[in-house]
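Q: Predicted model and sequence follow; I will ask about them next.
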Amino acid sequence: MYGRRASQLLRELACSETGQLTAFNSDAFDQVIKECNEHNLQLQSLIRKIEDENLDIQTTRNEDHFGAVIHHLSLIRNKRCLMAYMYNRAETIQSLRWKVGPVLPQEIQEKLNYSEEECFKNHSAAIQSYMSELDLDLTVDMVPPKDPYIRVRVLDDIGEVCLGDHSISLTKHSLHFLRRTDAEPFISQGMMEEFLE
């Protein structure tokens, strides 16, 4: 049945949590592309058949015309489904830049295809260029802070880090009182968490 594979991609999107990525379904995506190519070949064949019979394409209403309409509408539907699939994934990938920073964790990278990885890199580079032009870090304080300093617990052994005018050793399970702007990159990467009493 026409359009089944394309609707499978959209059902996959609908079943996933908002803001979460599933692995790129390259098999279904390639099958939809193949189906689009088949529809295009059938459409061109039917149009050629109508033209060979010296019939007007605009006014002819025979079985070839209606077959061409079915293939044309199926082609458009498949293309719209593919575009919706890619658009939603691209939106999620762009939002990841704000959540996790310029480097994606390995478990997320494994879910992307090559073009999505390039999209993330280009989007990240554009944000970085804009921030350097303004000399302002837009990724810090996504929620306005109540206090510029926070208590954090280190989740991974980070080691010696230079923060502003001093250096500090960030060892696993240690507690520190840091500026929010210094801690935010580590928190977004999952290396530390805000310690709430």
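A: Right, received. Where do you want to start? What you see is a predicted model; the values in this text were computed from it and never measured. Numbering: from 1, shown residues only.

Q: Next secondary structure element downstream of the longest helix belonging to the chain?
A: The single longest helix within the chain, with elements called by DSSP state H, is helix 63-100. Once the chain leaves helix 63-100, the next helix or strand it forms, by DSSP states H and E, is helix 106-109.

Q: What residues of that next one count as buried?
A: Of the residues in helix 106-109, none are scored as buried under the neighbour-count criterion (16 or more other Cβ atoms under 10 Å). Heads up, the C-betas are built off the backbone N, CA and C, glycines and all.

Q: Off-centre distance for the helix-or-strand element of the chain with minimal mean pLDDT?
A: The helix or strand with the lowest mean pLDDT-type score in the chain, counting by mean pLDDT, DSSP states H and E, is helix 180-188 (a mean of 84). Per Cα atoms, centre = their mean, to the nearest Å, the displacement of helix 180-188 from the mean C-alpha position of its chain is 24 Å.

Q: Please identify the helix or strand for the closest residue to residue 167 other than its chain neighbours.
A: The shortest distance from residue 167 to any residue other than its chain neighbours is 5.8 Å, reached at residue 160 (Cβ to Cβ, 6 or more residues apart in numbering). Assigned by DSSP H and E, residue 160 belongs to strand 159-163.

Q: name the helices or strands packed onto that strand?
A: strand 166-170 (3 or more Cβ pairs under 8 Å, 6 or more residues apart in numbering; DSSP states H and E).

Q: Rounded mean pLDDT for the strand it packs on, please.
A: Per-region confidence: strand 166-170 scores 87 on mean pLDDT.

Q: Alright, that wraps it up for me.
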